[in-house]
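Chemist: model this:
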Amino acid sequence: MTMRNRPRAGAVALAAVALTATAFTGPARASGGTAAAGHQGTQAAIEAAVAAGIPGVTAEARDASGVWKTAAGVGNRATGAPRGKNDRFRTGSVTDTFVAVVLLQMEAEKKISLDDPVERYLPGVVTGNGNDGSRITVRQLLNHTSGLFDYLADVPYYQTYTLGDGFLAHRYDTLTPQQRLQVAFSHAPLFQPGARHSFSHTNDVLAAMIVQKVGGRTYEDEVRRRVIEPLGLEATSNPGTSSDLPRPSGRDYSKLFYDTQPDRIDDVTELNGSQNWGDGDIISSAHDLNLFFRALLGGKLLPAQQLKELKTTVVNPDLPITSYGLGIEKLTMSCGDVWYHDGGVVGSLTLAAFTEDGRHELTFNYNGDWDASGIVPILNAEFCDQAAN
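Modeler: Predicted coordinates:
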């Protein structure tokens with residue numbers, strides 16, 4: 001389990017060691033029914049994350065007993081204004097699930113085959129330094145087995161757009177997808193297509209471009225028409241080139257200078273949305289993401305065949321207790337399997353987790369990006385500890 005966009009967030013990752021060292025408790029399977037009244041354990045774990053230094057957390061859980069919303073800490077360090085229960089935030093790579101759903105809908109409509117080569121839809125785009133779009137399938141983009149280099153792992157790009165003075169100088173820059181792909185394809189592939197799983201934001205940018213090519217309209221329009229509007233996700237949007245967060249929302253914070261000034265915290269709320277286009281730009285709320293994943297797992301967005309494909313996973317060899325489907329992931333805990341997707345941009349970490357039937361969900365967001373160590377205890381409290389009650 002990894003926090004997506006971790007190079008962009010420039011913070012401590014949710015590392016494999018954090019998962020394997022955590023003592024998950026509970027019965028043999030994750031609870032799909034009623035959680036403990038009031039979600040006291042989850043609340044305590046969220047408050048512990050804030051006590052450890054995260055400015056604020058907003059969260060919502062859904063289960064058989066109904067909807068539970070909470071917030072802890074501050075949404076604005078300057079004014080002391082509290083974090084809001086209905087805050088909107090940048091979701092980071094949770095965007096990937098929206099894109100995957102659109103492509104799977106297109107497959108169901110016979111507009112695309114996921115086993116077609118990328119070259120068929122984006123001729124001449126994936127090329128150079130051994131990169132070859134004729135050897136990579138659309139499915140391999142979605143399950144991250146393409147082998148393509150992650151543009152965010154390019155050191156000059158990372159330093160320019162995610163760290164210190166580079167971020168502060170370039171946070172308002174408008175970037176095109178082609179600029180980010182050029183960075184990726186200046187590197188050779190990491191491995192042959194299909195050889196293994198390795199998450200790469202380059203895959204996600206290409207997937208969004210295929211949505212546009214096949215749909216004949218912008219990827220944003222396709223997501224809005226196929227997902228946002230049918231589900232009534234009123235807090236969910238694509239920012240385009242806007243640098244603002246829509247209200248209600250808190251401020252976002254990052255330790256941009258963590259190597260040289262580890263105690264310095266910068267307000268990083270303003271960020272041009274184009275820098276995350278297609279692989280992390282969607283803005284949403286905990287409420288909307290829970291509605292989205294419940295509808296998705298409940299079969300309201302995809303036919304049975306496509307839902308089966310969505311949940312067909314490949315093992316992540318870097319962390320074998322996780323496996324990756326088409327835009328969602330599976331985590332094997334001692335109390336059972338939980339599906340999830342996570343994401344991060346500078347100043348914001350998000351995780352949405354849910355049982356396979358979508359009837360027990362938890363989505364939460366940090367408005368600080370430098371410490372992910374509290375995330376596993378929050379998941380454990382919601383899905384394992386409460387399952388024991």
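
Chemist: let me see the contact set for residue 128.
Modeler: Residue 128 makes contacts with 185, 186, as judged by C-beta atoms under 8 Å, 6 or more residues apart in numbering. (Glycine included, C-beta is placed from N, CA and C.)

Chemist: can you give me the strands in the stretch 151-300 of the chain?
Modeler: Along the stretch 151-300 of the chain, counting by DSSP state E, counting those that start in this stretch, strands occupy 253-254, 266-267, 283-285.

Chemist: make TSV from these and add mean neighbour count and mean pLDDT to it.
Modeler: Listed next are the strands of the stretch 151-300 of the chain as TSV, based on neighbours: other C-beta atoms under 10 Å; pLDDT from 0 to 100:
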stretch	mean neighbour count	mean pLDDT
strand 253-254	26	98
strand 266-267	15	98
strand 283-285	25	98
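
Chemist: want to throw the ones you listed into CSV with distance to residue 42?
Modeler: Putting these into CSV (distance: least, C-beta to C-beta, whole Å) gives the following:
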stretch, distance to residue 42
strand 253-254, 23
strand 266-267, 28
strand 283-285, 18
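
Chemist: could you pull out the helices for the stretch 201-350 of the chain?
Modeler: With DSSP state H, counting those that start in this stretch as the criterion, the stretch 201-350 of the chain has helices at 201-215, 219-223, 229-231, 286-297, 304-310.

Chemist: quick one: which of those is nearest residue 47?
Modeler: helix 286-297 (16.4 Å; C-beta to C-beta).

Chemist: summarise which helices and strands that closest one is packed against.
Modeler: Here helix 286-297 touches strand 56-63, strand 66-73, helix 95-108, helix 229-231, helix 304-310, strand 348-354, strand 361-366, going by 3 or more C-beta pairs under 8 Å, 6 or more residues apart in numbering; DSSP states H and E.

Chemist: so can I have TSV of the helices of the stretch 201-350 of the chain showing distance to residue 370 and mean neighbour count?
Modeler: Formatted as TSV, the helices of the stretch 201-350 of the chain follow (distance: least, C-beta to C-beta, whole Å; neighbours: other C-beta atoms under 10 Å):
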stretch	distance to residue 370	mean neighbour count
helix 201-215	20	24
helix 219-223	30	22
helix 229-231	33	14
helix 286-297	21	24
helix 304-310	32	16
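
Chemist: between those helices, which gets nearest to residue 97?
Modeler: Residue 97 sits nearest to helix 286-297 of all the helices of the stretch 201-350 of the chain, at 7.3 Å, using C-beta to C-beta.

Chemist: report the distance from that closest one to the chain centre.
Modeler: The chain centre lies 13 Å from the centre of helix 286-297; the measure is C-alpha atoms, centre = their mean, to the nearest Å.

Chemist: all helices for the stretch 1-150 of the chain, in order.
Modeler: 6-9, 16-20, 40-51, 95-108, 118-121, 138-142.

Chemist: list the contacts of the fifth one.
Modeler: I take that to be helix 118-121. 112, 125-126, 132-134, 136-138, 141, 206, 210, 213-214.

Chemist: just flag the most distant two among those.
Modeler: Using C-beta to C-beta, the contacts of helix 118-121 span at most 20.6 Å, a distance reached by 132 and 214.
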